[in-house]
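Asker: This is the structure alone, sequence omitted:
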C-alpha cells in the first residue's frame, strides 16, 4: 500500500513538472510572437513614412519647376524648362492730367504694356534651380536666380538671389496685384543674395537664412533702384546699403474644428553699411502671422514691428526716414512703425463656365502706424478678384489709399510711406492682364 501511494505521488509530481514546462514554453512562444508582431508593425510604419516622404518629395520637385509649371506652352530641354509671361495693364483713378502717361479719370484711363519676363526652371534629381528676368518700360532687372539641393522631402537649400523668409507666405497676407504695405517696406516678396535652408519637422516648418547683400540694381534711369523688391538703397552715392542680414521663420500647423491654421513668427536683423560720412546703421523686424483655411475661405493676418537705426547725418538729413527703392524709383519710408495687415479671400471653381477655370474674390487692408508723431499713417485697402483661365491670369482691383506710391499722383510723391504730408485718400481701379507661357 505504501508502495502504491509512493507511485501515485511520483506520477503526480511528473505531471506537474510537464504542465509547468509546457506553460513556460507556451509563454515563451507567445512572447516571441508578440515581439515579432511589434517588429513587423515598426517596419510597416517606416515603409509607410518612407513612401509618404517620397511622394512629398516628388510633389515639391514638381512645384520647384515654376509658379505655373503645368502650362502646355512651356519648352522642355531635359531637366530645364523655359517659360515666361507677358502682362498688360489698365489703370484709371486720381491722377494729374499732365504727361504722356496720364491716368486721370477725365481722360478715360491709361492702357500700357506692363511686364515681359523669362523663366528658367531646373530640376534633375536632388538638384534644382530657378532664374527669372524681367523687362519693364525703360528698365529691367533680375528677379530670381538661385541653385539648390533637395536633401529629401522635408529639407531644401537655396543659394543665390532668393525670396527672404519673412511673413506667412511668399506674398505676405495678400492675394491682390497691389500686395499690402509690407511689400513696400521690403517685408514681403523680398529678394536678396544669400543662402536659405528649409526644414520640416512634424507640424513645424522652419526657414533659416543669411543674406550677404540685397539683389543689386540693374538697368534703369535711377542710380540704385532698378530692382524688383524694396530695399534700403544708396541712391545718393553716400547713403546706406544692406549687408549681413539674418532671418528665422517658424510656422506651426494644426487643425481645430475643421479650420486648418498656420501660426508663425518671423524675425529679421541686418546691417546698414555706410557709404558716406554717417556711421553704420542696422535694421530689424519681428512679426507674428496666421493663416486660417476653412472650406474655400482663407483668412490671413499679420502684425509686424520694424525699425531702421540710421544717423541724422545721412543724405536725407534725418534719422526718422530711410531711403527705399524699387521699380527704378527711389522713395522714403518711416524709420520705425507698426504694421498690421489682414486679407480675406474665397476660391471658387467655375466648371459651369467654359471660358473660366476659377475666380478668387478678396478684400484686404493694411496700415503703416508710424511712431514719429509728426508723421501721418499710411493705409491701403483693396477690393478685387483674380481670374484664372488656362494660361491667362487677370487681376481686377479697386484700391484706395492715403499713403501708397501706386495709388494717386498729387503732391508729396515719393514720401507717402514717410511723413505723408498730404494724408489724402485717393482711388485707383486697375486691371492687369497676364498670359503665362
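Answerer: Received the coordinates, thanks. Because the structure is a prediction, the values reported are computed rather than measured.

Asker: Let me see the domain layout of the chain.
Answerer: The chain breaks down into these domains under automatic domain parsing: 1-63, 73-436.

Asker: Mind listing residues that contact stretch 353-367?
Answerer: 173-176, 180-182, 339-350, 377-390 (Cβ atoms under 8 Å, 6 or more residues apart in numbering). No exception for glycine: its C-beta is placed from N, CA and C like everyone else's.

Asker: now with 7 Å?
Answerer: 174-176, 180-182, 339-350, 377-389 (Cβ atoms under 7 Å, 6 or more residues apart in numbering).

Asker: Buried subset of those as a PyMOL selection?
Answerer: Remark: buried members of these, expressed as a PyMOL selection using 16 or more other Cβ atoms under 10 Å:
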select buried, resi 174+175+176+180+181+182+339+340+341+342+343+344+345+347+378+379+380+381+382+384+385+386+387+388
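
Asker: mind listing which of the contacts of stretch 353-367 are in strands?
Answerer: 339-346, 348-349, 378-389 (DSSP state E).

Asker: In the stretch 51-200 of the chain, where is pLDDT below threshold?
Answerer: Under the criterion pLDDT under 70, the flagged ranges of the stretch 51-200 of the chain are 51-74, 95-107.

Asker: Let's see that with 90 instead.
Answerer: Residue ranges of the stretch 51-200 of the chain with pLDDT under 90: 51-77, 93-113.

Asker: So which elements touch the host helix or strand of residue 273?
Answerer: Assigned by DSSP states H and E, residue 273 belongs to strand 259-274. Contacts defined by 3 or more Cβ pairs under 7 Å, 6 or more residues apart in numbering; DSSP states H and E place strand 259-274 against strand 240-256, strand 281-294.

Asker: got those strands as TSV, with mean pLDDT columns?
Answerer: As requested, those are exported to TSV (pLDDT from 0 to 100):
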stretch	mean pLDDT
strand 240-256	97
strand 281-294	98
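
Asker: closest to residue 201 out of the ones you listed?
Answerer: Residue 201 lies closest, by Cβ to Cβ, to one member of the helices and strands packed on strand 259-274: strand 240-256, at 10.0 Å.

Asker: buried sites along that closest one?
Answerer: 240, 241, 242, 243, 245, 247, 249, 250, 251.

Asker: Show me the helices in the chain, by range?
Answerer: Ranges of helices within the chain are 2-63, based on DSSP state H.

Asker: ok, residue 314 to residue 403 distance?
Answerer: Noted for residue 314: a distance of 22 Å to residue 403, by Cβ to Cβ, to the nearest Å.

Asker: Kindly report the same for residue 131.
Answerer: 35 Å.

Asker: For these two, indicate the residue with more neighbours.
Answerer: A count of neighbours by other Cβ atoms under 10 Å puts residue 403 above the other of residue 131 and residue 403, at 31 against 17.

Asker: Check the spacing between the more buried one and residue 77 real quick.
Answerer: The value you get for residue 403 to residue 77, if Cβ to Cβ is used, is 46 Å.

Asker: mind listing what the residue nearest to residue 270 when sequence neighbours are not counted touches?
Answerer: Nearest non-adjacent residue to residue 270, counting by Cβ to Cβ, 6 or more residues apart in numbering: residue 245, 3.2 Å away. Residues in contact with residue 245 (Cβ under 7 Å, 6+ apart) are 192, 211, 268, 270.

Asker: Max pairwise distance over the residues you listed: which two?
Answerer: Taking every pair in the contacts of residue 245 and measuring Cβ to Cβ, the maximum separation is 10.4 Å, between 192 and 268.

Asker: picking up where we left off before, which parts of the strand holding residue 273 count as buried, going by neighbours?
Answerer: 261, 262, 264, 266, 268, 270, 271, 272, 273, 274.

Asker: Nearest residue to residue 203 in space, ignoring adjacent ones along the chain?
Answerer: residue 253 (5.0 Å).

Asker: check contacts around that neighbour.
Answerer: With contact taken as Cβ under 7 Å, 6+ apart, residue 253 is in contact with 203, 261, 262.

Asker: what is it paired to in the beta sheet?
Answerer: residue 262 (DSSP bridges).

Asker: Cool, thanks, signing off.
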